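S.K.: Here is a sequence together with a model predicted from it:
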Amino acid sequence: MASIFSRIVSGELPAYKVAEDDDHLAFLDITPLVEGHTLVIPKKEVDYIFDLPPAEMAALHQFAQRVAKGVLAAVPCKRIGVAVIGLEVPHAHIHLIPMNKVSDMNFANPKIKVAEARMQELAAAIAAKVPGADGKVDKGAKSLETKVDRETKEANEAKTSAADATTTQLQRLTKDLLFISESEAPLTPVSYAAPAGELTDAALLKLTGEAAGSNVEPVELTYFLRNHTADDGVLGDPALANRYKALQMFMKLELQDTQVYRIGSGPQVAVYALGKTAEGQLAGFKTVLTET
C-alpha cells in the first residue's frame, strides 16, 4: 500500500507544497511543532532513509539545504533544525524546523494547530524564497507560489460556487412565499459568513444588523412553519403547503443545525431561519412575524 507521502506525490492527497524537482518534494507538516515546520521527501518511496543509495542520499540533503534556506528567509527564527525520526511514516523524510531555542525541536511537545489561511500564506512565502541550484531564487519557486495561489483561488471559487448554489436553491424555494400571521411578510433568502465558534445572540444580532441587546428566542423550524405545512396549509391550498414542506425539508437536510430565531418583542418580530452550509456560511430566510 502506498505511503501517505506517495499519495501526496501522486496528487491523490493535497499538501501545502513549498518546493519540488524531478526527484524530491517539500511541503508543510500539517501537525507541526512550530509554524513553518517542513517535510522534505524523495518522490521514490523508500521506507528507511539510510537505505537510499549514496548519490540519492546526497541529492536529498542538497535539496533539503535549498528548502531550509527558503524556510529561514521566510519564517522568523534563529536556525533551521534538522531531524530524521523515521517512525511516523514508512517513507524517508527530513524534518526542517524553524527554532529559536533547543526545545522547539522536542518531538514530545504538543503539536500546534495552524489555520488553513496561515498555512497557505507560509507555503507561498517559503516557496518564494527557495533558491535554485545556482543559489539564486529559483524561478520554479515563484511558479510554486503561483500554484499555491491558484489552488487557493480554485478552492475559494468552489466554495463560492457551492454557496451560490445554496442561495439559488433558497431563492427558488422561497419565491412568492409569504409568512402569514396577523399580516403577511415575504420569505427572503439570506446568507452570512458564519462566525468562528458558537453562534451567540450577540454574534447573531451583529450578523443580521438587528439592534444590539435585542431579545433572541430560538424556535424549532418545524414548529415555526407548522400552520403553513399542514395538509391544506394556512390558506387551504395543498399545493402551496407542499412548497413550504419542500423548503422545510431542504433546510433540515441540506443545512446543519438549522434553527429559527425570533428577534425583538413585537408587535413585529424579525425572524431568521438559518442553518450552516458545508462551506461555513449561514444560509436560510428571513421574514416578519406580526403579533398584537
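M.R.: Here it is on my side, so go on. Residues are numbered from 1 along each chain as shown.
S.K.: Show me where the stretch 101-250 of the chain has its strands.
M.R.: Ranges of strands within the stretch 101-250 of the chain are 178-180, 184-186, 188-193, 216-219, based on DSSP state E, counting those that start in this stretch.
S.K.: Partner strands of the second one, with direction?
M.R.: If I follow you right, that is strand 184-186. Counting by DSSP bridges, the strands paired with strand 184-186 are strand 178-180 (antiparallel).
S.K.: Name the residues that touch the strand it pairs with?
M.R.: Residues outside strand 178-180 that contact it (C-beta atoms under 8 Å, 6 or more residues apart in numbering) are 184-187, 227-228, 234-235, 271, 287-289. Where you see a C-beta, it was placed from the backbone N, CA and C, and this is true even at glycine.
S.K.: Out of these, the closest to G132 would be?
M.R.: L187 (58.9 Å; C-beta to C-beta).
S.K.: Can you tell me the SS state at Y272?
M.R.: State at Y272, reduced to three classes by DSSP: H, G, I helix; E, B strand; the rest coil: strand.
S.K.: What's the separation between it and E217?
M.R.: Y272 sits 11 Å away from E217, going by C-beta to C-beta, to the nearest Å.
S.K.: So for these two, which sits in the more crowded spot?
M.R.: Neighbour tally, Y272 and E217, criterion other C-beta atoms under 10 Å: the higher count belongs to Y272, 21 against 13.
S.K.: Near the closest residue to G275 other than its chain neighbours, how many other residues are there?
M.R.: What sits nearest to G275 in space, not counting adjacent residues and going by C-beta to C-beta, 6 or more residues apart in numbering, is L255, at 2.6 Å. L255 has 22 neighbouring residues, counting by other C-beta under 10 Å.
S.K.: from what I can see L255 touches G280, true?
M.R.: No: L255 is not in contact with G280 according to C-beta atoms under 8 Å; the separation is 11.8 Å.
S.K.: Quick one: residues contacting F5.
M.R.: Listed by C-beta under 8 Å, 6+ apart, the contact set of F5 reads 39, 41, 45, 89, 91, 93.
S.K.: Any regions of the stretch 151-292 of the chain where pLDDT drops low?
M.R.: Confidence mapping of the stretch 151-292 of the chain against pLDDT under 70 gives the ranges 151-163.
S.K.: rerun at 90
M.R.: Along the stretch 151-292 of the chain, the parts satisfying pLDDT under 90 run over 151-168, 181-183, 193-198, 230-239, 253-254, 265-267, 277-281, 291-292.
S.K.: re the thing from before, what is in contact with Y272 and E217 at once?
M.R.: By C-beta under 8 Å, 6+ apart, Y272 and E217 have these common neighbours: 261, 263.
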